[in-house]
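1. Show me the folded form of this:
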Amino acid sequence: MWRGLYTAGAGMITETKRTDAIANNLANANTSGYKRDVAINSEFEPMLIRRINDAKADASDVTSFKGFHLGSQAPAVGTLGLGSYISEIAVDQAQGPFETTGNPLDLAISGNGYFAIQTPQGVRYTRDGNFYRSAQGILQTVQGNPVLGANGGTITIPGNARYITFGGKGEVRADNRVVGQLAFVEFDGDRRALLKQGGNLFYPQQGATPRPATGDIEQGILERANTNVVSEMVALINNYRVYEAGSKAVTTQDSMLDKSVNEVGRI
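-> Coordinates of the predicted model:
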């Protein structure tokens, strides 16, 4: 019965963490460039069950028949699951829907690719192209982090520029004059090459090397979160039901232990 308590409790912890991931997806449903989290659960190593009493069988045992008996190896009955746990919070890198804004500094990425951002923690990567021009003319994010160019420096747009355009691979032009080149990169096919940091930023795993992106940059458009609110709400309701089932299992196990201690033990 103790094992039943632990198994049900592990399932409840698993669903709690899954709820956290779903809640984060819903909270960022309107965040530009957000990629939804997916909680991946795994099963603890199952326990092999054997009929231990049969291992003591000998030739006179009732399980023996015409010289055949089970011997020293007890027969296996099957396996017993010991619960589940969240093995990974994966990131769904599917393309999000586009929204036309008309703002020349709003950029969206079609296909593979990331913008490089300079943060206090170092260079980070994002698909959120909601950019602004600072008072000094530096292209930056909403949080005030500079957007990096291909040479590792910042992108400065002249204050008197009337027309600002961005090419499909990150060329920056002000009044038809090239003033910079965005650092527009991607990483190898390993989905773990980039890990979430928070604030719509990613950081590379050790050994992950950026390379020129194969996607295209679209101007005047923002990529919205790839979160489907209806699907997430359905998953949240289902998650609640699974958690509720685990809670009832814990209550049942506790009731059985109470009877074993206070009633069976008294006999």
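
2. for stretch 197-211, which positions count as buried?
-> When burial is assessed from 16 or more other Cβ atoms under 10 Å, stretch 197-211 yields the following buried residues: Asn200, Leu201, Phe202, Pro204, Pro210. C-beta coordinates here come from the backbone N, C-alpha and C atoms, glycine included.

3. measure it end to end?
-> End-to-end distance of stretch 197-211: 21 Å, with Cα to Cα, to the nearest Å as the criterion.

4. and it, what's its mean pLDDT?
-> Mean pLDDT, computed over stretch 197-211, is 88.

5. and what of stretch 9-24?
-> Averaged over stretch 9-24, pLDDT sits at 93.

6. Using CSV, write down the CA coordinates of that stretch.
-> As requested, C-alpha coordinates have been extracted for stretch 9-24 and formatted as CSV (Å, rounded to 0.1, in the frame of the first residue of the first chain):
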residue,chain,number,x,y,z
GLY,A,9,1.7,10.9,-5.4
ALA,A,10,4.3,10.8,-8.2
GLY,A,11,1.4,11.1,-10.8
MET,A,12,0.0,14.1,-9.0
ILE,A,13,3.4,15.9,-9.0
THR,A,14,3.7,15.1,-12.7
GLU,A,15,0.4,16.7,-13.5
THR,A,16,1.2,19.7,-11.3
LYS,A,17,4.3,20.4,-13.4
ARG,A,18,2.3,19.8,-16.6
THR,A,19,-0.2,22.4,-15.4
ASP,A,20,2.6,24.9,-14.9
ALA,A,21,3.7,24.4,-18.5
ILE,A,22,0.1,24.8,-19.8
ALA,A,23,-0.4,27.9,-17.7
ASN,A,24,2.8,29.5,-19.0
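
7. was I right about Thr214 contacting Tyr114?
-> No: taking contacts as Cβ atoms under 8 Å, Thr214 lies outside contact range of Tyr114: 11.7 Å.

8. low-scoring stretches of this structure, by residue?
-> Scanning the chain for pLDDT under 70 picks out 1, 50-75, 189-191, 264-267.

9. And the residue nearest in space to the middle of the chain, how far from Asn41?
-> Central residue of the chain (Cα atoms, centre = their mean): Ala90, 2.8 Å from the mean position. Applying Cβ to Cβ, to the nearest Å, the value for Ala90 to Asn41 is 11 Å.

10. again with Gly144
-> Taking Cβ to Cβ as the measure, Gly144 falls 38 Å from Asn41.

11. what about the nearest residue to Leu107 once chain neighbours are set aside, neighbour count?
-> Counting by Cβ to Cβ, 6 or more residues apart in numbering, Leu107 lies nearest to Gly129, which is 3.2 Å off, once chain neighbours are set aside. Using other Cβ atoms under 10 Å, Gly129 has 23 other residues around it.

12. the longest helix in this structure is where?
-> Of all the elements of type helix in the chain, the one with the most residues (DSSP state H) is helix 229-259.
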